[in-house]
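Colleague: Sequence and predicted structure, then a few things I'm wondering about:
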Amino acid sequence: DGGITQSPKYLFRKEGQNVTLSCEQNLNHDAMYWYRQDPGQGLRLIYYSQIVNDFQKGDIAEGYSVSREKKESFPLTVTSAQKNPTAFYLCASSIVRGDQPQHFGDGTRLSIL
Amino acid sequence: QKEVEQDPGPLSVPEGAIVSLNCTYSNSAFQYFMWYRQYSRKGPELLMYTYSSGNKEDGRFTAQVDKSSKYISLFIRDSQPSDSATYLCAPKTSYDKVIFGPGTSLSVIP
């Protein structure tokens, strides 16, 4: 079945540490997105990518970085510059940019040790 | 004022009830309106997609958009325990990012 796989499901970060969240899709979608979900708030866009080797900042990109070296993969790095990283992180995809996100992964919950 | 607002709930109804979930927005440029359903500890799934004002029906679900009052509704008929989830409304402009509401938590009691 086609879909989005996020790993790990749970992740713990120590102070000053960078961590990378994995997102892989086999839907052949061009556009991929990273969202952050906090209790009582809507999903907020961190980064998005319309095509391989291209990505754009979303609303809350500070303290995060991404790469898009392959169509199937869009990893997110939470750097030590992100001072409040505890959240539920969701990766999504759509056939093309401008469409609404059509598929989501099941998320990675990041916590601080 | 937040761009998209929803009553967070939780909303608790008996099985078989008609459920009304509501959402208001402030940006008159929104033209596309989505509802996503999110089960606990899972990613959202796209449930309904409508364009401009009017109604759209899909099985037990009906999405209603009133652009004049900037009001979006999702109705669930014959609600089932499996409908227990958080429902996110998500409007967007013609070529822009989607804005997600905070979601309404629904619990359908058998």
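Modeller: In hand now; what should we look at? Quantities reported herein were computed from a predicted structural model and do not represent experimental measurements.
Colleague: only C-alpha atoms for contact and neighbour calcs from this point on.
Modeller: OK.
Colleague: wait, what's in contact with B:W35?
Modeller: B:W35 makes contact with B:L46, B:L47, B:M48, B:Y49, B:L74, B:Y87, B:L88, B:C89, B:A90, according to C-alpha atoms under 8 Å, 6 or more residues apart in numbering or on different chains.
Colleague: Ends of stretch B:45-60, what's the gap?
Modeller: 16 Å (C-alpha to C-alpha, to the nearest Å).
Colleague: what do you get for stretch A:74-87?
Modeller: Criterion C-alpha to C-alpha; first-to-last residue distance in stretch A:74-87 is 18 Å.
Colleague: can you give me how far it is from the chain middle?
Modeller: Averaged C-alpha coordinates place stretch A:74-87 at 10 Å from its chain's average position (C-alpha atoms, centre = their mean, to the nearest Å).
Colleague: Now it: buried residues?
Modeller: Neighbour counts using 16 or more other C-alpha atoms under 10 Å in any protein chain shown place A:F74, A:P75, A:L76, A:V78, A:T79, A:S80, A:P85, A:T86, A:A87 of stretch A:74-87 among the buried residues.
Colleague: ditto for stretch B:68-81
Modeller: In stretch B:68-81, the ones that count as buried by 16+ other C-alpha under 10 Å are B:K70, B:Y71, B:I72, B:S73, B:L74, B:F75, B:I76, B:R77, B:S79, B:Q80.
Colleague: Check stretch A:95-102 too.
Modeller: Result for stretch A:95-102 [16+ other C-alpha under 10 Å]: buried residues A:I95, A:R97, A:G98, A:D99, A:Q100, A:P101, A:Q102.
Colleague: burial measure for the residue nearest to the last one when sequence neighbours are not counted, as a count.
Modeller: Pointing back at A:Q102 there. Nearest residue to A:Q102 in three dimensions, chain neighbours excluded: A:S94, at 5.1 Å (C-alpha to C-alpha, 6 or more residues apart in numbering or on different chains). When neighbours are counted by other C-alpha atoms under 10 Å in any protein chain shown, A:S94 registers 20.
Colleague: pLDDT value on A:S94, please?
Modeller: On pLDDT, A:S94 comes in at 91.
Colleague: Does it touch A:H103 like I think?
Modeller: Yes: A:S94 is in contact with A:H103 according to C-alpha atoms under 8 Å; the separation is 6.7 Å.
Colleague: distance of the residue in chain A positioned nearest to chain B from B:F100?
Modeller: With C-alpha to the nearest C-alpha as the measure, A:G42 is the residue of chain A nearest to chain B, at 3.9 Å. Between A:G42 and B:F100 the computed distance is 5 Å (C-alpha to C-alpha).
Colleague: list the residues that contact both of the two?
Modeller: With C-alpha under 8 Å, 6+ apart, A:G42 and B:F100 have common neighbours B:L88.
Colleague: Under the pLDDT cut-off, which ranges of the chain? List them.
Modeller: As the question left the chain open, I've gone with chain A. A:1 (pLDDT under 70).
Colleague: um, chain B though
Modeller: Residue ranges of chain B with pLDDT under 70: B:1.
Colleague: For it, which residue gets nearest to chain A?
Modeller: Residue of chain B nearest chain A, by C-alpha to the nearest C-alpha: B:P102 (3.9 Å).
Colleague: what about A:L11, neighbour count?
Modeller: Residues contacting A:L11 under the criterion other C-alpha under 10 Å number 16.
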